[in-house]
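Colleague: here is a sequence with its predicted model. Questions after.
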Amino acid sequence: MRQITYHIHRYNEGRSYVQTYTFDYEADRTILWGLQKIKDTIDPSLTFIAACRSAVCGACSVKINGQAMLACESKIDELAERFGSDEFEIAPIGNFDVIRDLAVNWEAKVNRLKTVAPWIFMKPEYTKTTATRQTPDDFKKFVLNTECILCGCCASECNKLSAGREDFLDPYVYTKANRFVK
């Protein structure tokens, strides 16, 4: 029977190591499914974050064979074909502090996001009674960058952040800020 192997970068209490897990292949499954299978049947201590399982929340971002992607939408079959192997190296996304295993700390990143105040402010000329009218063209300007789900994949791959983040905000911060500048 075909086997899938995950080489998972583990981090726990200051110790880092790679642990290998092998499980039976099942067609049309995702990397996240494999992580959950490992947690449920092999090693309940494996830590990762996943919420919606629908590529909406971005919580399941990981590096798969060195590339940041969402585990919930990354199909094992497609990745096996792409990389030419049934073995996958899975690590936490880059440019984030690791809490444990594949779980990263977003607190500093959220604080950086808040510095650009990426939300809508009501103009003084509008009140609760007069409200705000939005034309279809206005909406098109606004919706341009709404597809960003704050998964952190762009920040993980950002060489500028790896080199130094003192003079540069994360790419998703610029995307969110641009959404409201138009």
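Modeller: Everything's here; your move. Numbering: from 1, shown residues only.

Colleague: hey, let's count contacts and neighbours off CA atoms from now on
Modeller: OK.

Colleague: what mean pLDDT does the helix or strand encompassing residue 161 have?
Modeller: Assessed by DSSP states H and E, residue 161 sits inside helix 159-163. Taken as a whole, helix 159-163 has an average pLDDT of 81.

Colleague: mean confidence score for the helix or strand following that helix?
Modeller: Next helix or strand after helix 159-163 toward the C-terminus (DSSP H and E): helix 171-181. Average pLDDT, helix 171-181: 75.

Colleague: repeat that for stretch 59-79.
Modeller: Per-residue scores along stretch 59-79 average to 97.

Colleague: next, the closest residue to residue 60 other than its chain neighbours: phi, psi?
Modeller: Using C-alpha to C-alpha, 6 or more residues apart in numbering and skipping the chain neighbours, the partner closest in space to residue 60 is residue 50 (4.7 Å). With angles defined as degrees, to the nearest 10, residue 50 sits at phi -150, psi 140.

Colleague: for residue 61, see how far away residue 50 is.
Modeller: From residue 50 across to residue 61, the span is 8 Å (C-alpha to C-alpha, to the nearest Å).

Colleague: now residue 138
Modeller: From residue 138 over to residue 61 (counting by C-alpha to C-alpha), the distance is 32 Å.

Colleague: out of the two, which sits in the busier spot?
Modeller: Between residue 138 and residue 61, counted using other C-alpha atoms under 10 Å, residue 61 has the larger neighbour count: 29 against 11.

Colleague: flag every buried residue along stretch 91-102.
Modeller: 91-96, 98-102 (16 or more other C-alpha atoms under 10 Å).

Colleague: which of those fall in strands?
Modeller: 91-92, 98-100 (DSSP state E).

Colleague: surely residue 125 is in a helix?
Modeller: No. The assignment for residue 125 (DSSP: H, G, I helix; E, B strand; the rest coil) gives coil, which keeps it out of a helix.

Colleague: that one: how many residues sit nearby?
Modeller: The tally of other residues near residue 125 (other C-alpha under 10 Å) stands at 8.
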